[in-house]
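> structure for this input, please:
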Amino acid sequence: MSTPALKSDVHTPIDQNRPFGWRDKFGYLFGDLGNDFFFILTSSFLMVFYTDIFHISAATVGILFLVARLWDAFADMAWGRFIDTRKATPTGKFKPWILRMSLPLVVSGVLMFVSIPGMSDGFYLAWAFVTYIVWGTLYSTVNIPYGSMASVITEDPVHRTTLSTWRTMGAMLAGLVIGVLGPLIVFVDNKISADRMFMASVIFGVLAICCYLACYKLSTERIVASEATKEKMNMRTTMKSLVKNKPLISILAASLIMLVCTMLSGTVNTYLFKDYFGNTAALSVVGLSQIVATFLAIPLAKPLVARFGKKEIASMGMLIASISYFILFLLPEPTVTQYIIVAGIGMFGMGFMSIVSWAFVTDVIDYHEFLSGLREDATVYALYSMARKIGQAIAGGIGGFAIAAVGYNASIEKQSEDTLQGIFSLATLVPGIIFLVVFLILVFFYPLNKQRTNQLSSDLVARRNKHL
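Sure thing, here's the model as predicted:
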């Protein structure tokens with residue numbers, strides 16, 4: 001890989017005393033554990049809180065979520081650009097923002113679940129719009145620096161995969177805690193309690209603050225962009241480089257397609273087990289099997305990446321997932337047990353893509369520096385986050401449209417055979433095709449295989465050392 005002429009001194013080391021190790025791994029895990037203590041809490045219970053406590057219609061809540069996601073997408077980009085133009089502190093460029101903004105973020109999150117007796121429906125509607133949008137904006141101020149930080153904690157591609165793995169574990173641990181304890185805390189006699197929901201928000205908010213502090217204390221930023229680099233930053237130059245960044249475009253495409261599949265499956269699985277299998281209790285087993293499958297993939301990710309590379313194991317995982325769902329589609333009248341086992345194998349394959357996805361982003365940031373000579377970690381990460389949130393906003397209703405397209409009728413007790421087969425195809429054939437498309441994108445369009453990733457890292461290290 002040839003190296004273009006360097007425009008400026010882009011990097012200087014700020015901490016070479018402590019090598020990458022367990023402190024960084026736990027620190028990065030705590031970051032997403034803190035993020036998801038509140039993110040998953042709101043994802044799981046905020047809509048039912050709005051409909052049952054604030055008495056806001058589900059359609060209006062849907063509009064709120066759509067508006068907020070679109071606003072968040074642009075907030076991500078604005079905040080990422082802002083951070084990239086700030087001076088680094090002695091402790092780093094990104095960590096200080098996690099420390100500064102975590103308390104306002106948690107306070108705004110708790111305010112979303114404040115219920116004031118005697119207020120009008122109009123007040124609650126306004127309260128919901130203001131507090132939810134403010135919380136989403138402040139979430140960007142913590143999540144963008146957190147996600148960007150991985151690229152300056154270490155330059156080693158395998159270590160970055162480790163950080164991505166530990167980030168995934170943090171998110172899954174938060175999901176387990178809230179999935180188990182959340183319903184026990186917030187529901188009384190199958191109804192959501194306003195007082196208990198507020199108590200849950202305070203409990204998980206305090207836990208989130210503790211996690212953010214641990215992330216700040218344990219993580220070390222080892223690389224920082226020079227002041228000369230900041231002087232050359234302008235959005236026009238950045239966008240020209242981003243358009244030429246083939247790895248970025250490929251990963252954005254793969255991530256958005258995966259996002260559509262995840263949202264579709266989340267909706268369709270409920271109807272699959274309710275109407276096709278007639279066994280809604282099995283849904284909890286499906287959720288557990290997905291978590292177990294990903295945990296089984298976690299200890300394998302690092303050694304496989306070290307030997308074969310991120311692109312290689314992610315693409316192979318997507319091929320396994322695709323084949324698994326095609327097998328499900330072709331099985332004649334599969335049982336619930338067969339479905340859960342084969343889908344679990346597919347989730348095991350998909351788990352490798354989930355585990356290394358954040359490491360892909362750090363490599364894309366490096367490639368942007370290789371193309372432009374500029375280190376703009378937060379801007380590139382924010383663009384990735386922005387695209388995902390726009391995708392979430394657009395894809396949010398895709399499950400409902402798909403269910404309607406196969407003829408689902410909520411007013412009848414038993415759906416027609418054509419509708420049931422349509423639901424089964426949505427749950428099996430469609431994911432099989434989507435996973436195959438992601439596999440093809442990774443294999444044929446994403447250029448950073450193991451050899452090129454290692455060469456990219458070596459070229460950038462040599463360039464930085466030359467200009468120290």
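
> can you give me the helices in the stretch 201-350 of the chain?
227-232, 235-243, 246-271, 282-308, 310-330, 336-372 (DSSP state H, counting those that start in this stretch).

> any chance of those in a markdown table with mean pLDDT, mean neighbour count and distance to Phe129 as columns?
Backbone N, C-alpha and C define where each C-beta goes, glycine included. A markdown table is the format used below for the helices of the stretch 201-350 of the chain (pLDDT from 0 to 100; neighbours: other C-beta atoms under 10 Å; distance: least, C-beta to C-beta, whole Å):
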| stretch | mean pLDDT | mean neighbour count | distance to Phe129 |
| --- | --- | --- | --- |
| helix 227-232 | 50 | 14 | 36 |
| helix 235-243 | 73 | 14 | 30 |
| helix 246-271 | 84 | 19 | 23 |
| helix 282-308 | 85 | 16 | 31 |
| helix 310-330 | 96 | 22 | 38 |
| helix 336-372 | 89 | 22 | 31 |
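
> what's the closest of these to Phe65?
Closest to Phe65 of these, according to C-beta to C-beta: helix 246-271, at 12.3 Å.

> what's the closest one packed up against?
Counting contacts by 3 or more C-beta pairs under 8 Å, 6 or more residues apart in numbering; DSSP states H and E, helix 246-271 packs against helix 282-308, helix 336-372, helix 377-395, helix 398-405, helix 417-444.

> could the helices of the stretch 201-350 of the chain go into TSV alongside distance to Asp459?
Output for these, formatted as TSV (distance: least, C-beta to C-beta, whole Å):
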stretch	distance to Asp459
helix 227-232	17
helix 235-243	16
helix 246-271	15
helix 282-308	20
helix 310-330	18
helix 336-372	7
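
> Val430 and Cys261, how far apart?
Separation of Val430 from Cys261 (C-beta to C-beta, to the nearest Å): 8 Å.

> give me the domain ranges for this protein.
17-221, 233-468 (automatic domain parsing).

> let's have the helices and strands packed on helix 246-271 in TSV, adding distance to Met169.
Below are those laid out as TSV (distance: least, C-beta to C-beta, whole Å):
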stretch	distance to Met169
helix 282-308	6
helix 336-372	9
helix 377-395	20
helix 398-405	28
helix 417-444	22
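
> and of those, who's closest to Phe94?
helix 377-395 (7.2 Å).

> show me what contacts Val285?
Ile340 (C-beta atoms under 8 Å, 6 or more residues apart in numbering).

> measure it to Gly344 for me?
Applying C-beta to C-beta, one obtains 10 Å for the distance of Val285 from Gly344.

> could you work out which of the helices and strands packed on helix 246-271 reaches nearest to Ser148?
Closest approach to Ser148 among those (C-beta to C-beta): helix 377-395, 4.2 Å.

> please point out which parts of stretch 172-192 sit buried.
172-175, 177-179, 182, 185-186, 192 (16 or more other C-beta atoms under 10 Å).

> inside helices: which ones of these?
Counting by DSSP state H, the buried residues of stretch 172-192 place 172-175, 177-179, 182, 185-186 in helices.

> how about those residues in CSV, adding pLDDT and distance to Phe129?
What follows is those, written out as CSV (pLDDT from 0 to 100; distance: C-beta to C-beta, whole Å):
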residue, pLDDT, distance to Phe129
Met172, 85, 31
Leu173, 89, 31
Ala174, 89, 26
Gly175, 82, 27
Val177, 86, 29
Ile178, 84, 24
Gly179, 75, 28
Gly182, 83, 24
Ile185, 85, 26
Val186, 84, 22
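
> quick one: which of those is nearest Val61?
Checking these against Val61 by C-beta to C-beta gives Val186 as the nearest, at 17.0 Å.

> check contacts around that closest one.
Counting by C-beta under 8 Å, 6+ apart, Val186 touches 45, 192-193, 196-197, 200.

> for Val110, grab phi and psi.
The phi/psi pair for Val110 (degrees, to the nearest 10) reads phi -60, psi -40.

> and the pLDDT for it?
You'll see Val110 listed with a pLDDT of 96.

> what does the one 4 residues further on give?
Looking at Val114, its pLDDT reads 93.

> list the contacts of Tyr216.
So Tyr216 contacts 27, 95, 98-99 (C-beta under 8 Å, 6+ apart).

> restricted to helices, list those.
Counting by DSSP H, the contacts of Tyr216 place 27, 95, 98-99 in helices.

> next, format the residues you listed as TSV and append neighbour count and pLDDT.
Listed next are these as TSV, based on neighbours: other C-beta atoms under 10 Å; pLDDT from 0 to 100:
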residue	neighbour count	pLDDT
Gly27	22	95
Lys95	24	91
Ile98	25	94
Leu99	16	93
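
> perfect, I'm done here.
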